[in-house]
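Visitor: The following comprises the amino acid sequence and a computationally predicted model.
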Amino acid sequence: MILAAVNVTEATELGLWFALITVIGLGAGRWRRPKAANELDDWALGGRSFGSVLTWFLQGGSVYTTYSFIAVPALVYGKGAIGLFALPYLVVAYVVAYLLIPKLWLLAKSRGYVTTADFVRDRFGSRWLAGAVTLTGLVATMPYVALQVYGIEICLAQTGLPVDASLWVAFILLAVVTYVSGLRSATLIAIVKDVLIWVTVLVAVIYIPIHLGGFGHAFSKVPHSSLTLPGSQIATYITLAIGSGFALFLYPHTITGALSSSSPQVVRRNSVYLPIYTIMLGLLAVLGYLAVAANVVPDKQYGSNVAVPALLNAVFPPWFAGFGLSAIAIGALVPAAMMAIAAGNLFARNIFLELKPGASSHQQTKASKTASLVVKFGAVGFVVFVPTDFVINFQLAAGVWILQTLPAVFLGLLWRRLESRSLLAGWAAGTALGTFLLAQVSFKTSSYDFALGGHHAVLFIGVPALALNLAIAVAGTLLAPSRVPEAAPARVA
C-alpha cells in the first residue's frame, strides 16, 4: 500500500540530494581546519574564522528555517496578511544585530565565550542568572528543532515515503555528519541549501502565476479580506514584528552563527546584506497566496502547513517538484544542525562545566557533541510520538520565553550598573506571566486579547511579559545600592 503511493521520481531525487549533502558534510571536517586549534572552538564555532561570504550563508541557514519555508506561507495561506509580519520583524532583527552583536563578538573573542550564558555568568558573576539564560535557551530550542523535523516530515509525506522510518534515517545521517564535522558541515550544506531554495522560489514565482493566468488573475481568486490587514489585527502585527525582531538574535543558534565569524566587521556587514534573504521570504509569502489561487486544499493531518509543498506537487512535473521538496527538506536540516550544536554548547559550557569546573576543552567538546545527539533524536521522537499540533503550538511559546533573556544579554551589554538579582526577578516574572497567558490560550497562539478600560488589543504575549520583566529589572537596579559586580573568571574554552 505504502510503496504504491510513493512518487518514485520525487523520492529518488530526495534520496540523492540527502546522499550528496552527507558526503559534503562528512568532508567538511577537514575543510579549512587549522593544524593547531582549540577543539571546542573548532567544532562548535568553526574556529571563529568564517569571512563575510561563509557567514552570510551560515546565518542565512540559521535564520531562514522551516518557519520561513513552511510556516509563513501557511499563515498567509490560512490567515492572510497577518503572516506578512515576518518581513518587518526581520528588519528589526538586523538593526539589533548590527548595533549589539559586534560588541558581544568582541567580548566573546577576548574572554572565550561560546554562549550568551557564558557572557551573563562572567558579566554578573551569578550562576543563577546564567542558569536562567541557559534553561531558557534549551527550552526554547527544543521545540524549534522539532519544527524543523516537522517540515521534513511534510516533505516526506508529499513524496509518499514512509514518514517515520525516513525521518529516523535522515536524522541519523545528520547526527553522524554534525558529530564528525560540527559547524563546518552546517556551513557547507547551507551553501547547497541556498542554491536549491533560490532556484525553487524564483522558478515558482515566475512559472506559477503564468500557469494560473498571470498575477492579476491569480490574486483575483484570493479573498480581499486576506489581502488587507483589518484594524483589529494591527496591534498584533506590530507587537509580533517588534517582539520577534528583538528575540531572533537571542536564540542560541543565531548567536552561534554570529560568533563563528572572523571579526565584528563581518557581523556588521552581514547585518546589512542578510536582508537579501528577506526578499526570498517575501516571495515565499506570495506562494501562500498562489496556493489559495491554485485551490490547494488543507491536508487532514498537516492542515495549512502543506500549502507550499502541495502547490509544488500540483503545478510542477515530478522532477521539479522533487527538486523543490528536497530544497525545503535540506533547508530544515541546516538550522536543525545549528540548533542542536548550540544546545550542546549550552549544556557543555553552562551545565557540564558548572558541575566539573576543571573540564578540558576535549571533555567540553565531547559533552557538547553528546548533548547535540540527544537534542536531535529527542526532537525526532517528539514529532513521531507527540501529536503534531502540540509541536507547532509549543514552538509559539519559544519566542515568548527567549525574549525574557533580553535584559540580561542585550541590556547587560549596554548598562554597567545592572543588578543580577533584579534581572533574575524580572526574568522569573516575565517568564511566569508569559507562560500563564500562553496557558490561558491553551498554547494555540502566541497572542492574547488584553482588555483595559473597555478597550481591547490583541498583543504578542512576549511584549507585555518583557515590559514587566524590564520594569522589575530596572526598578530593582535603581533601588539597589550602587556597586560593580565581581566578574567570574573568564571561561576560556
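Guide: In hand now; what should we look at?

Visitor: dump the residue contacts of N350.
Guide: T115, A117, D118, R121, A130, G131, V133, T134 (CB atoms under 8 Å, 6 or more residues apart in numbering). Just so you know, the C-beta spots here come from the backbone N, C-alpha and C atoms, and that holds for glycine as well.

Visitor: possible to save those as JSON lines with neighbour count and pLDDT?
Guide: Shown next, in JSON lines, are those (neighbours: other CB atoms under 10 Å; pLDDT from 0 to 100):
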{"residue": "T115", "neighbour count": "27", "pLDDT": "95"}
{"residue": "A117", "neighbour count": "31", "pLDDT": "96"}
{"residue": "D118", "neighbour count": "27", "pLDDT": "95"}
{"residue": "R121", "neighbour count": "27", "pLDDT": "95"}
{"residue": "A130", "neighbour count": "28", "pLDDT": "96"}
{"residue": "G131", "neighbour count": "17", "pLDDT": "96"}
{"residue": "V133", "neighbour count": "30", "pLDDT": "97"}
{"residue": "T134", "neighbour count": "26", "pLDDT": "96"}
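
Visitor: Next step: those restricted to helices.
Guide: A117, D118, R121, A130, G131, V133, T134 (DSSP state H).

Visitor: A117 is in contact with the last one, correct?
Guide: So the one you mean is T134. Yes: under the criterion of CB atoms under 8 Å, T134 makes contact with A117 at 4.4 Å.

Visitor: what is in contact with those two at once?
Guide: L346, N350.

Visitor: I154: what's it in contact with?
Guide: In this structure, I154 makes contact with I70, Y302, N305, V306, P309, judged by CB under 8 Å, 6+ apart.

Visitor: what about the third one, distance to L259?
Guide: Right, N305. Computed with CB to CB, to the nearest Å, the distance linking N305 and L259 is 32 Å.

Visitor: Repeat that for the second one.
Guide: Applying CB to CB, one obtains 35 Å for the distance of Y302 from L259.

Visitor: One more: the fourth one?
Guide: If you measure V306 against L259 using CB to CB, the figure is 36 Å.

Visitor: Show me which residues of stretch 370-377 are buried.
Guide: A371, S372, L373, V375, K376, F377 (16 or more other CB atoms under 10 Å).

Visitor: quick one: which of the contacts of I154 is nearest to G29?
Guide: Using CB to CB, I70 is the member of the contacts of I154 that lies nearest G29, at 30.0 Å.

Visitor: Please name the residues that touch the residue nearest to the closest one when sequence neighbours are not counted.
Guide: Once flanking residues are discounted, I70 sits nearest to G151: 4.7 Å by CB to CB, 6 or more residues apart in numbering. Contacts here follow CB under 8 Å, 6+ apart; on that basis G151 touches T65, T66, F69, I70, I328, A329, G331, A332.

Visitor: what do you get for Q440?
Guide: Y448.

Visitor: Let's see that with 6 Å instead.
Guide: Contact partners of Q440, counting by CB atoms under 6 Å, 6 or more residues apart in numbering, are absent.

Visitor: Give me the next element, helix or strand, following the helix or strand of the chain with the lowest mean pLDDT.
Guide: Ranked by mean pLDDT, DSSP states H and E, the weakest helix or strand in the chain is helix 2-5, scoring a mean of 48. Counting by DSSP states H and E, the element after helix 2-5 in chain order, helix or strand, is helix 8-27.

Visitor: List the contacts of that following helix.
Guide: 159, 161, 173, 177, 180-181, 185, 188-189, 192, 318-319, 321-322, 326.

Visitor: list the buried ones in it?
Guide: Buried residues in helix 8-27 (16+ other CB under 10 Å): E10, A11, E13, L14, G15, W17, F18, I21, T22, I24, G25.

Visitor: and the very next helix or strand once past it, what's its mean pLDDT?
Guide: Going down the chain from helix 8-27, the next helix or strand is helix 39-45, by DSSP H and E. In this model, helix 39-45 has a mean pLDDT of 84.

Visitor: Pull the distance from helix 39-45 to the chain's centre.
Guide: Helix 39-45 sits 21 Å away from the centroid of its parent chain (CA atoms, centre = their mean, to the nearest Å).

Visitor: which other helices and strands contact it?
Guide: With contacts defined as 3 or more CB pairs under 6 Å, 6 or more residues apart in numbering; DSSP states H and E, helix 39-45 has these neighbours: helix 361-385.
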